[in-house]
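Colleague: Just to be clear, the model below is a prediction. Sequence and coordinates:
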Amino acid sequence: MTNQIEPEPIQIKKTNKWLLAFLIFLVLCAVTCLILLIIRQRNSGVIQAQQLALQGRCPEAIQILNEVIAENPKSVIAYQIRVECYLSFQSNVYTESQGYLIAALEDTNIILGLKPQDASYYGKRDFILRELAPYEIYSANKYAIFDLANQDAQSAIELGAPSSAYVYRHYARNFIEANHCQEGLEETQKLIQQYGTQTSDYGQYYSLYLTEAYICLGELDLALESAQAITCDDPVSTCKSGLLAEIYLQSGDYENALNTVNYMINWQPAGGGWRYFIRALIYYEQGQIDLAQQDLATGDAYSWYGTGVDEYVLAQLAFDNGDKVNGIYHLQTAEQMFDTNYSVLRQETLKQLKKYGAEPIPQKINLPFSTPSLP
């Protein structure tokens with residue numbers, strides 16, 4: 001008996017293959033749609049947050065951005081918008097104001113971890129660090145932050161930042177404010193050689209940097225000369241009038257120093273406590289102790305902390321009262337606080353410490369944020 005060989009169910013196999021392919025197609029479509037939906041939702045959140053930020057409604061924008069980032073920790077644009085929101089916040093409370101800048105710095109660090117070859121974000125971090133430095137009480141911390149800022153400025157330049165970018169200017173000024181006075185002077189002179197003295201940038205920036213560099217080096221005559229070309233001015237910031245007041249003060253020209261600082265205070269009495277500290281020292285040198293003490297109190301009310309000038313005045317008052325211990329303490333504190341704009345007064349402070357048989361207190365760097373990862 002012959003065995004019957006049944007034919008293979010070819011049609012059935014073909015049908016199963018087509019069915020399987022169709023099912024795979026459906027699954028892929030579903031996954032693709034889901035991915036597109038997620039992307040759309042994320043993009044929708046970013047767009048909504050961006051619109052809110054442009055309307056000045058950053059607290060609402062940040063709530064949405066927090067959700068977007070929680071779902072997608074690699075969303076550069078979400079971090080970018082949140083950085084700009086943090087930078088837009090202002091507060092009269094020291095810890096809050098500093099905290100917004102630190103939050104912006106942390107987000108920028110994350111962005112640079114995701115885009116380590118993007119020059120613009122190194123420029124952004126340079127900017128944020130420069131904004132953070134003035135919040136530091138002690139000069140050692142300020143110098144360290146400006147050093148970090150300059151590493152970012154250099155990275156931005158090396159990665160192809162456009163020649164018009166502010167990092168080129170900051171590269172010179174960061175040197176000065178980090179107490180590398182000669183290097184800052186040389187870099188500023190290079191900029192002046194490149195762009196000349198007839199541009200608006202010379203009056204707005206380069207002559208100012210020259211002045212700061214000369215003060216930093218203790219060359220007050222040259223500082224006074226270069227300050228004449230500064231075009232920017234402000235009643236509460238150290239632009240032309242503020243730098244002139246610091247130069248006159250440290251030159252012992254108390255008449256011009258007093259006239260300049262009075263001009264600034266009359267222009268805008270509120271804020272800028274450092275101006276009152278300068279006037280307090282002038283009044284002390286003129287023997288007007290009551291006025292000096294009044295200005296110390298006013299300056300303190302308008303400041304989160306002093307500049308060193310206030311501590312220097314307190315030291316002189318303590319010595320006049322026969323209180324050597326507190327006099328030395330205030331001198332040591334002043335020396336720790338003086339930045340490069342008070343280099344001459346700092347040298348006088350060191351001389352006085354030596355006279356009283358005391359030493360300056362060694363400064364340790366203690367920054368309020370994790371050091372940015374640098375290339």
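Modeller: Received the coordinates, thanks.

Colleague: Could you tell me which ranges of the stretch 251-375 of the chain sit under the pLDDT cut-off?
Modeller: Low-confidence segments of the stretch 251-375 of the chain (pLDDT under 70): 372-375.

Colleague: Now with 50, please.
Modeller: Applying pLDDT under 50 to the stretch 251-375 of the chain flags the ranges 374-375.

Colleague: Please apply the same query to the stretch 51-200 of the chain.
Modeller: Judged by pLDDT under 50, no stretch of the stretch 51-200 of the chain qualifies at all.

Colleague: where along it do the helices fall?
Modeller: 58-71, 76-88, 94-114, 119-132, 139-158, 166-177, 181-195, 200-201 (DSSP state H, counting those that start in this stretch).

Colleague: Quick one: closest of those to residue 269.
Modeller: Evaluated over the helices of the stretch 51-200 of the chain, closeness to residue 269 peaks at helix 94-114, with 21.5 Å, by CB to CB. Heads up, the C-betas are built off the backbone N, CA and C, glycines and all.

Colleague: now the closest one and helix 119-132, what's the angle there?
Modeller: 160 degrees (axes from the mean of the first three to the mean of the last three CA atoms, to 10 degrees).

Colleague: For residue 153, which residues are in contact?
Modeller: 122, 123, 126, 167, 168, 170, 171, 174 (CB atoms under 8 Å, 6 or more residues apart in numbering).

Colleague: One more: residue 334?
Modeller: Contacts of residue 334 by CB under 8 Å, 6+ apart are 308, 309, 311, 312, 315, 345, 346, 349.

Colleague: how about those residues, which pair is most distant?
Modeller: 315 and 346 (12.8 Å).

Colleague: follow-up on the earlier one: how about the helices of the stretch 51-200 of the chain in a markdown table, adding distance to residue 244?
Modeller: Shown next, in a markdown table, are the helices of the stretch 51-200 of the chain (distance: least, CB to CB, whole Å):
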| stretch | distance to residue 244 |
| --- | --- |
| helix 58-71 | 38 |
| helix 76-88 | 30 |
| helix 94-114 | 28 |
| helix 119-132 | 23 |
| helix 139-158 | 22 |
| helix 166-177 | 17 |
| helix 181-195 | 19 |
| helix 200-201 | 20 |
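
Colleague: and of these, who's closest to residue 277?
Modeller: helix 139-158 (15.5 Å).

Colleague: If you count neighbours, what's buried in that closest one?
Modeller: Of the residues in helix 139-158, those buried under the neighbour-count criterion (16 or more other CB atoms under 10 Å) are 139-157.

Colleague: Tell me the gap between that helix and the middle of its chain.
Modeller: 10 Å (CA atoms, centre = their mean, to the nearest Å).

Colleague: Just want the angle from it to helix 166-177.
Modeller: With the same axes, to 10 degrees defining the directions, helix 139-158 sits at 150 degrees from helix 166-177.

Colleague: hang on, the earlier thing: so which of the helices of the stretch 51-200 of the chain is nearest residue 251?
Modeller: helix 181-195 (17.6 Å).

Colleague: Could I get the CA-only coordinates of the closest one as PDB?
Modeller: Only the C-alpha atoms of helix 181-195 are listed here, as PDB (Å, rounded to 0.1, in the frame of the first residue of the first chain):
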ATOM      1  CA  CYS A 181      47.100  92.300  37.700                       C
ATOM      2  CA  GLN A 182      49.900  92.400  35.200                       C
ATOM      3  CA  GLU A 183      48.400  89.600  33.000                       C
ATOM      4  CA  GLY A 184      45.100  91.500  33.000                       C
ATOM      5  CA  LEU A 185      46.900  94.800  32.000                       C
ATOM      6  CA  GLU A 186      48.700  93.000  29.200                       C
ATOM      7  CA  GLU A 187      45.500  91.400  27.800                       C
ATOM      8  CA  THR A 188      43.700  94.700  28.000                       C
ATOM      9  CA  GLN A 189      46.500  96.400  26.100                       C
ATOM     10  CA  LYS A 190      46.200  93.800  23.400                       C
ATOM     11  CA  LEU A 191      42.500  94.500  23.000                       C
ATOM     12  CA  ILE A 192      43.300  98.300  22.800                       C
ATOM     13  CA  GLN A 193      46.000  97.600  20.200                       C
ATOM     14  CA  GLN A 194      43.500  95.500  18.200                       C
ATOM     15  CA  TYR A 195      40.500  97.800  18.400                       C
END
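
Colleague: helices or strands up against that helix?
Modeller: helix 166-177, helix 207-216 (3 or more CB pairs under 8 Å, 6 or more residues apart in numbering; DSSP states H and E).

Colleague: With distance to residue 132 and mean neighbour count added, can I get the ones you listed in CSV?
Modeller: Listed next are the helices and strands packed on helix 181-195 as CSV, based on distance: least, CB to CB, whole Å; neighbours: other CB atoms under 10 Å:
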stretch, distance to residue 132, mean neighbour count
helix 166-177, 12, 24
helix 207-216, 19, 26
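
Colleague: Tabulate the ones you listed (CSV), appending distance to residue 299.
Modeller: Conversion of the helices and strands packed on helix 181-195 to CSV gives the following (distance: least, CB to CB, whole Å):
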stretch, distance to residue 299
helix 166-177, 22
helix 207-216, 20
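
Colleague: Can you read off the pLDDT for residue 234?
Modeller: Per-residue pLDDT puts residue 234 at 93.
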